[in-house]
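J.: pasted the sequence and its predicted model underneath.
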Amino acid sequence: MAQSSHAVVIGGGIGGLTAAVALHLRGLRVTVLERARSLEPVGAGISLAPNALRALDVIGLGDEIRDLAAWQGDGGLRTPRGRWLSRTNATAAAKRFGGPLVLLHRATLINSLAARIPAGAIRTTAAASVADPGDSGRPARVTTPDGELEADLVVAADGIHSGVRRTLFPHHPGPVYSGFTTWRVVIPVPGVEFASHETWSRGALWGTHPLKDGQVYAYAAAVVPAGRRAPDDEKAELLRRFGDWHDPIPAVLAAARPEDVLRHDVHHIAEPLPAYHRGRVALLGDAAHAMPPMLGQGGNQAVEDAIVLAHCTDDLAAFSAARLPRTTAITRQSVRVARLDLMTNGAGIALRNASIAVLSKAAPALLLRGFDGIAGWRPPADTGPERNREAGRP
C-alpha cells in the first residue's frame, strides 16, 4: 500500500491504537475514530505475555512497557482457605517462554500507544460506521458525525458488540454468554504484602496481583445467569461471595469502595467468522474473536492482530489466513479453561485440585505446556523499526 494511503481505525482501545501506531510507522496517514469522550479506559489491569511484548517490540514500545509494568513474580494457585495447590516460578516461566509476563494498568498502555500517534489523528466523540467496505477498485467509505471519510484501509477495532462486524457479516450470530460474570478493581491497599495468586472454589475464582505503582489489581468471577446485578452494590456482592476467603482478599475488599468495583458479564464468539476482512475492511481484537479472559489473551491477541495487519496491508486475505486459525484455537482453549476454572461439580473439583497438586510437585513444567504455543508466538519477520528504517519509513 502506498505511503500516501489513508487508514481509518474505528475504535481507540488497545488493538485499535496498536494498529494505528503500526500503520503510521508503515507510512500510512492514520485517523482514529473513538465514540467515547476520551481514550481513558475503564479502571482495570491487563497482563501482557511474551507474545504481545514481542509484538510491541515491532513498534518500538516493548521495552517501555516492560519498564512501566510489574513483572509477575512467584505465586500460584490456592483454595479459599489458603492452601497452595500449585506454585509458579516466574524465572522458569520467563526462561521457557522467552520473556516475562507483566502486569500494568490499561490506562498506562493506552497512554503509551496514543503518544506515538500524530497530533490530531485521534478524534473522540466520533461514532463511526462502514457505509461501503470498498474493493480493489474503490475506497471504503466510513460515516461519522462530521460526514464521510474515504479510506484505503479500515481497521474495525470496535469491540465485542462491533457494529462493523454486523455490517460485514450480517448473518453471523455474534457473541454468546460465556456463563459467568466478572468483577475487577485497581486500588491501593497500604501495608498488605502478598504473593500473586489465583484462588478457585465451586463456580467462582479470585485473583490478586501487585502493580508497579503500588496499587493492587484484583479480579473475581462467578457462574451466574446473564444480566444479574447485586441488590445493593457490587462491593457488597463481593463481600458476600469472597469475604471469608484467605488473605489478602479481605484486606482488598476492605480497601475497595463500591464505585471502584467494575462488573461485566463475559461473552465470547463461539462460532468463528468466515474471515477477518471484507473488501478494504479488517476486523481485529474482540470485534473478530472475543474470548473468555481465563488465558489472559484477549488484549494480547488484539496486539498481535494489529502487528500482523500492518504487515498485510496489501493482502487482507493473508491477514485472515494468518490470524483466524490461531485466534480460533486460543478462543476454544480459553472456553475450556473457563469450564475447568469455574467447575461446579464437587467430585470434578476434588479430582481437578488433586491432579493439579500432584502435577505441580512431580512435573511442574507440564502445567506450563499448554501455554507454549501461545506465548511463543513471534511477529512476521519483515516488520519492526529496523526494517522500517531500511525501507525508508519513519
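T.: Nice, I can see it.
J.: tally up the residues packed near M343, please.
T.: Counted with other C-beta atoms under 10 Å, residues neighbouring M343 total 20. Any C-beta I mention is one placed from the backbone N, CA and C, and that applies to glycine too.
J.: for L17, same thing?
T.: L17 has 29 neighbours, counted by other C-beta under 10 Å.
J.: repeat that for N345.
T.: 11.
J.: how near is the closest residue to T182 other than its chain neighbours to W183?
T.: The shortest distance from T182 to any non-neighbouring residue, by C-beta to C-beta, 6 or more residues apart in numbering, is to A221 (4.8 Å). Per C-beta to C-beta, to the nearest Å, A221 is found 8 Å from W183.
J.: and the two? which has more neighbours close in?
T.: Neighbour tally, A221 and W183, criterion other C-beta under 10 Å: the higher count belongs to A221, 25 against 22.
J.: may I have the secondary structure class of that one?
T.: Look at A221: counting by DSSP: H, G, I helix; E, B strand; the rest coil, its state is strand.
J.: and it, bridged to which residues?
T.: Residues in a beta bridge with A221, per DSSP bridges, are T182, L205.
J.: what segments of the stretch 1-150 of the chain are strands?
T.: Along the stretch 1-150 of the chain, counting by DSSP state E, counting those that start in this stretch, strands occupy 6-10, 29-33, 45-48, 70-71, 75-78, 84-88, 102-105, 122-123, 129-132, 140-144, 147-151.
J.: mean pLDDT for those - can I get that in TSV?
T.: Compiled in TSV, the strands of the stretch 1-150 of the chain are given as follows (pLDDT from 0 to 100):
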stretch	mean pLDDT
strand 6-10	98
strand 29-33	98
strand 45-48	95
strand 70-71	91
strand 75-78	93
strand 84-88	91
strand 102-105	95
strand 122-123	97
strand 129-132	98
strand 140-144	98
strand 147-151	96
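J.: so which of these is the most surrounded?
T.: Sort the strands of the stretch 1-150 of the chain by mean neighbour count, taking mean count of other C-beta atoms under 10 Å, and strand 6-10 sits at the top with a mean of 27.
J.: got the CA positions of that strand in CSV?
T.: C-alpha atoms of strand 6-10 as CSV (Å, rounded to 0.1, in the frame of the first residue of the first chain):
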residue,chain,number,x,y,z
HIS,A,6,-5.2,6.7,4.3
ALA,A,7,-6.1,4.2,7.1
VAL,A,8,-9.2,4.8,9.3
VAL,A,9,-9.2,3.0,12.6
ILE,A,10,-12.6,2.6,14.3
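J.: how near is T208 to P274?
T.: Shown here: T208 relative to P274, a distance of 40 Å by C-beta to C-beta.
J.: please identify which of these two sits among more neighbours.
T.: The residue with more neighbours, out of T208 and P274, is T208; 26 against 12, by other C-beta under 10 Å.
J.: doesn't H197 make contact with the more buried one?
T.: Yes: T208 is within contact range of H197, at 6.0 Å (criterion: C-beta atoms under 8 Å).
J.: which stretches in the stretch 201-350 of the chain count as helices?
T.: Applying DSSP state H, counting those that start in this stretch to the stretch 201-350 of the chain gives helices spanning 234-242, 249-255, 286-289, 298-311, 316-341, 346-362.
J.: what is the mean pLDDT for the second one?
T.: Read it as helix 249-255. Averaging pLDDT along helix 249-255 yields 97.
J.: next: the fourth one.
T.: When the per-residue pLDDT values of helix 298-311 are averaged, the result is 98.
J.: and the contacts of stretch 348-361?
T.: Stretch 348-361 has contacts (C-beta atoms under 8 Å, 6 or more residues apart in numbering) with 76-77, 79, 85-87, 200, 202, 340, 343, 366-367.
J.: list the buried ones in that stretch?
T.: 349, 352-353, 356-357, 360 (16 or more other C-beta atoms under 10 Å).
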